[in-house]
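Asks: What follows is a predicted protein model with its sequence.
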Amino acid sequence: MDPTAGIRGALDTYTFLAKKVLRHWVWFVVGFALTFGAAAAYTFTRGDLYKSETLVQIDRSLLIDPIENGGGGVGDEPDLKTRINQLTASRTRLAQVVTELNLYAGMRSKGKSMNEIVAVMRDELVVELRGEDAFMLAFQNDDPRTAQAVVQRTAELFIRDRQNARTDRARTTARLVGEELQTTLRLLGEQEDQLSEFKEDHPTELLAIERRRMGLAPVPAGRVAPSREPHRPAGPRVVLVGEGAQQLQEARARKSQLEAELRTLQPAPVSPNSPEADDIRAQIQQLQQERAALRARFTDDYPDVVLNAQRIAGLQRRLQQTMRPAQQAAGAASSRQLALTQEIGDLDIEIARIQRGATRVVRPAPGQANEPARQAPVPLPRAPAVPMTLPEIEAQMGQFTAGVETLRDRYQAALKRKYDVDFALSVEEQQAAESVRVIDAADLPNRPFYPNRPKLLGAGAAAGFALGLALAFLFAVLDTRIFTEGDLARSVDIPVLVSIPDYRKQA
């Protein structure tokens with residue numbers, strides 16, 4: 001058996017089918033023309049779309065909302081991308097962008113709601129993760145400047161929201177600590193007022209107790225009545241001038257001086273305007289411009305583009321190293337700040353004491369020269385003063401004193417927390433700009449992103465070729481007419497003995 005017989009048979013079969021398909025070349029042309037024409041019509045009737053991109057770097061901690069996530073963190077990459085999508089494409093933010101830039105005027109003229117417009121804008125806004133701490137934000141529009149403006153404004157709103165989210169936590173803590181400080185100071189003042197009034201009501205007994213402690217006199221026996229009835233006149237409080245007012249003025253001046261010194265110890269800006277830092281920023285800006293020009297001509301995988309990105313990353317690391325000494329210098333004066341905080345707290349207590357000592361309750365007497373005489377009010381019945389023994393007076397005096405000391409300690413602790421929180425707030429405000437920032441600004445696209453006409457036309461030609469070939473093959477299979485001796489031999493199982501020659505070939 002000839003081993004090549006099978007190959008020759010297959011070649012004969014394929015040749016026979018090819019000849020039959022060629023007889024129906026018209027259907028091939030029809031299929032190709034219809035498909036390629038449809039692709040060309042779609043390609044050239046579609047409007048140009050321009051795509052603008054920006055690259056944003058963000059600290060992952062700024063993506064965590066303790067209230068929504070229950071204090072948990074951002075997990076795997078899909079969750080991180082979902083969180084960024086939620087923050088960048090929130091309805092409030094996109095509605096603000098639509099209103100400011102007057103987007104989708106046609107949809108608004110047709111009465112579409114803002115929710116429908118925002119849903120369309122979400123589909124045109126693209127978020128892609130770039131590494132562990134950066135993401136790319138892109139938007140496409142038929143106007144290149146509109147696409148750039150949308151990306152730039154959306155990134156600005158996102159950055160401002162995340163920066164405020166970080167500083168708002170510190171501001172809330174500072175407000176709560178400040179309220180606690182004011183409450184403690186008020187309670188301390190009330191307790192010291194009660195102590196002063198108790199001393200005024202029992203001067204003789206307290207003197208006797210003090211003399212007994214010093215061993216100057218024996219303790220009086222029995223019950224001792226108060227030296228005078230407690231005096232609680234009602235009337236206006238009048239600030240007295242004299243030594244108390246002078247002490248108050250000196251204490252306030254000293255406090256202002258200490259607070260001014262404390263403000264000078266606040267942390268320096270994290271990004272100093274040093275010549276070296278300015279030079280590095282200028283180099284980064286120049287490289288970013290070169291990168292924009294390269295990306296307009298080549299893809300991101302082109303060696304020059306990759307080298308440019310590596311140089312930008314190296315300069316950014318060098319800039320962070322340049323700014324690090326300023327960050328470390330912010331905590332150099334912590335010991336002096338703590339001492340100033342303690343001294344200011346002592347002055348607050350001293351000022352409160354002087355203010356209470358420099359005020360008196362005055363009841364205007366009826367019938368004075370500068371007042372018309374009026375009927376004296378009928379005194380209300382008062383409960384008689386209950387006499388107290390010296391041990392009872394001593395115990396109550398100890399309670400008042402212990403309460404004042406406890407509140408003073410609480411006030412000092414609250415004051416220290418207040419200055420610590422204020423210091424942390426200032427650091428948070430200065431470092432917020434470094435936690436989330438734009439690495440690559442929104443570019444102005446110079447060529448359409450869609451449609452890619454060469455690609456669409458090539459795809460249309462390939463699809464037309466396949467459809468035309470399929471139509472020609474289909475009609476060739478369905479066609480049972482006999483045109484040649486080969487067709488006859490394949491159609492019947494008996495050998496052909498004689499055939500009428502084609503007179504056209506002979507001619």
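Replies: Noted; the coordinates are in hand.
Asks: pLDDT on stretch 195-206, on average?
Replies: Across stretch 195-206, pLDDT averages out at 81.
Asks: what comes up buried for that stretch?
Replies: 195, 198, 201, 202, 205, 206 (16 or more other Cβ atoms under 10 Å). Every residue, glycine included, has its C-beta placed from N, CA and C.
Asks: Now do the contacts for the last one.
Replies: Which is residue 206. 199, 393, 397 (Cβ atoms under 8 Å, 6 or more residues apart in numbering).
Asks: 7 Å instead, please
Replies: Neighbour list for residue 206: 199, 397 [criterion: Cβ atoms under 7 Å, 6 or more residues apart in numbering].
Asks: Next up, phi/psi of it, please.
Replies: phi -70, psi -30 (degrees, to the nearest 10).
Asks: measure it to residue 197 for me?
Replies: Distance of residue 206 to residue 197, computed by Cβ to Cβ, to the nearest Å: 12 Å.
Asks: The longest helix anywhere in the chain - contacts with which helices or strands?
Replies: Longest helix in the chain by number of residues, with DSSP state H as the criterion: helix 144-201. Contact partners of helix 144-201 among helices and strands, from 3 or more Cβ pairs under 7 Å, 6 or more residues apart in numbering; DSSP states H and E: strand 50-58, helix 77-88, helix 91-101, strand 134-141, helix 334-357, helix 390-435, strand 436-440.
Asks: between those, which gets nearest to residue 166?
Replies: helix 390-435 (5.2 Å; Cβ to Cβ).
Asks: any idea of the mean pLDDT for the closest one?
Replies: Rounded mean pLDDT across helix 390-435 is 81.
Asks: ditto for stretch 134-149
Replies: Here the average pLDDT along stretch 134-149 is 90.
Asks: Just the C-alphas of it, formatted as PDB.
Replies: Only the C-alpha atoms of stretch 134-149 are listed here, as PDB (Å, rounded to 0.1, in the frame of the first residue of the first chain):
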ATOM      1  CA  ALA A 134      -0.700  54.700  45.500                       C
ATOM      2  CA  PHE A 135      -3.500  54.600  43.100                       C
ATOM      3  CA  MET A 136      -4.300  56.000  39.600                       C
ATOM      4  CA  LEU A 137      -7.400  58.100  39.100                       C
ATOM      5  CA  ALA A 138      -8.500  58.500  35.500                       C
ATOM      6  CA  PHE A 139     -11.500  60.100  33.700                       C
ATOM      7  CA  GLN A 140     -12.500  60.100  30.000                       C
ATOM      8  CA  ASN A 141     -14.400  62.900  28.200                       C
ATOM      9  CA  ASP A 142     -14.800  64.200  24.700                       C
ATOM     10  CA  ASP A 143     -13.000  67.400  25.800                       C
ATOM     11  CA  PRO A 144      -9.400  67.000  26.900                       C
ATOM     12  CA  ARG A 145      -9.500  70.000  29.200                       C
ATOM     13  CA  THR A 146     -12.700  68.800  30.800                       C
ATOM     14  CA  ALA A 147     -11.100  65.400  31.500                       C
ATOM     15  CA  GLN A 148      -8.100  67.000  33.100                       C
ATOM     16  CA  ALA A 149     -10.200  69.400  35.200                       C
END
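Asks: Quick one: residues contacting residue 10.
Replies: Residue 10 neighbours (Cβ under 7 Å, 6+ apart): none.
Asks: Please, which helix or strand holds it?
Replies: Using DSSP states H and E, residue 10 sits in helix 5-23.
Asks: Just the buried residues of that helix, please?
Replies: For helix 5-23, a neighbour-count test (16+ other Cβ under 10 Å) marks 16, 20, 21 as buried.
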